[in-house]
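Trainee: Following is a predicted model, sequence given first.
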Amino acid sequence: MNNSNRKFLVFSLQDSLYALDVADVAEVADPPQMWPIPLAPAYYAGVLSFHGDIVAAMILSRFLGLRQQHQPGKIVVLRQEVASLAFLVDSIIRIACEEEVSFSSPPDSVFAQSTLTIIEGTAIQLDLKKLMCALENDMQGANQGQ
């Protein structure tokens, strides 16, 4: 994908804005029925069926250490090539085109790739590679503890 055509899905968690590259997103929807994952960390809401594939659903605010004030309103399903994972988020703000975004260095956060300034405010673009590595390490640690 040409960098000049990049788009970002901007969503809210608590009172903060976050963003993902639209190229990493398969679908955005209302949260569907989910089934629990036995012995999974508390930030997993369960699993869901996404067009016949089993996908783990993660309460992103809980994973990032934010206080969960209310039930997530939307689910963001990642493309299968990225991960069999979906994020429960508070709300979807909009899709921002790269031309509308001003980029700056990321805040001092493990999972931040960059900071995007848009009309609605400042959004932290999540680094999915770092996030996936942390999840993998978490699961390996959990498996070794059993």
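Mentor: Sure, I can see it. Just so it is clear, the structure is predicted and the values come from calculations on it, not from any experiment.

Trainee: Who are the contact partners of the residue nearest in space to the middle of the chain?
Mentor: Using C-alpha atoms, centre = their mean, the residue of the chain that lies closest to the mean C-alpha position is Phe87, 4.6 Å off. By C-beta atoms under 8 Å, 6 or more residues apart in numbering, the contact list for Phe87 reads Ala57, Met58, Leu60, Ile75, Val76, Leu78. C-beta coordinates here come from the backbone N, C-alpha and C atoms, glycine included.

Trainee: And for Asp127?
Mentor: Going by C-beta under 8 Å, 6+ apart, Asp127 touches Pro106, Phe111, Ala112, Gln113.

Trainee: let's see it at 7 Å
Mentor: Applying C-beta atoms under 7 Å, 6 or more residues apart in numbering, we find Asp127 in contact with Phe111, Ala112, Gln113.

Trainee: so where is the protein shaky, pLDDT-wise?
Mentor: Where the chain drops to pLDDT under 70, the residues are 1-4, 68-69, 140-146.

Trainee: Which residues does the longest helix belonging to it contact?
Mentor: Scanning the chain for the longest helix, with DSSP state H as the assignment, gives helix 128-144. Applying C-beta under 7 Å, 6+ apart, the external contacts of helix 128-144 come out as Asp24, Pro41, Val82, Ala83, Val110, Phe111.

Trainee: Just the buried positions in it, please.
Mentor: Buried residues in helix 128-144, counted by 16 or more other C-beta atoms under 10 Å: Leu128, Leu131, Leu135.
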